[in-house]
Structures are given as C-alpha cells and as structure tokens.
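Asks: Let me see the structure of the following:
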Amino acid sequence: MNIDIKTRDKRIDMTINNKQSPTFLYQIDDDHLLVGTVSGMFEVWNIDPFIAEPTLKQVFDAHPGSQQGLS
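Replies: Residues are numbered from 1 along each chain as shown. Reported below is the predicted structural model:
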C-alpha cells in the first residue's frame, strides 16, 4: 500500500508492506496510522518521518472469523 499523508507542516510519503489488503485507514496522530484489513484485523503502524521505514507496532483481531473485513 502506498500512502501520501499531508499534515500541518510535513508530508509523509512512504510505502507500507502490510500482509492483508487495507479496507480502512485512519491517522491516529502525526506518527501513527490505523489500518483495517480484509481479514478483520487492525494494524497500528508507526509512520514517523524520521525513521527509515514504517514499523508495525500492534495487530488486533477486530472481528474474529470475519469474511467481510473492516470498513
């Protein structure tokens, strides 16, 4: 997934290599992104522009056994 996020004073342009296709994106704060996936998981990514690559911080099973994903 490619992300181009514009915030007040900086632009974050990076590629996140998540395991499932995203269905939902929400920017939690300047440095974190919440990604909902087709498998019903939430992934929390650190997107701090001062680190070389985004890092996966946490994964939650939002809907166990989901066939529809998150939206």
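
Asks: can we go C-alpha only for contacts and neighbour counts from here?
Replies: OK.

Asks: now the residue nearest to Asn46 when sequence neighbours are not counted: how far from Pro64?
Replies: Nearest-residue entry for Asn46: His32, 4.6 Å, with adjacent residues in sequence omitted and distances by CA to CA, 6 or more residues apart in numbering. Look at His32 and Pro64: by CA to CA, to the nearest Å, they are 24 Å apart.

Asks: any low-confidence regions in the protein?
Replies: Across the chain, the ranges flagged by pLDDT under 70 are 1-12, 65-71.

Asks: before we move on, the earlier item: so what sits opposite the residue nearest to Asn46 in the bridge?
Replies: Asp29, Asn46 (DSSP bridges).

Asks: so it touches Ile47, yeah?
Replies: Yes - applying CA atoms under 8 Å, one finds His32 in contact with Ile47, separated by 5.5 Å.

Asks: and these two? which has more neighbours close in?
Replies: A direct count of neighbours by other CA atoms under 10 Å for His32 and Ile47 places Ile47 higher, at 25 against 18.
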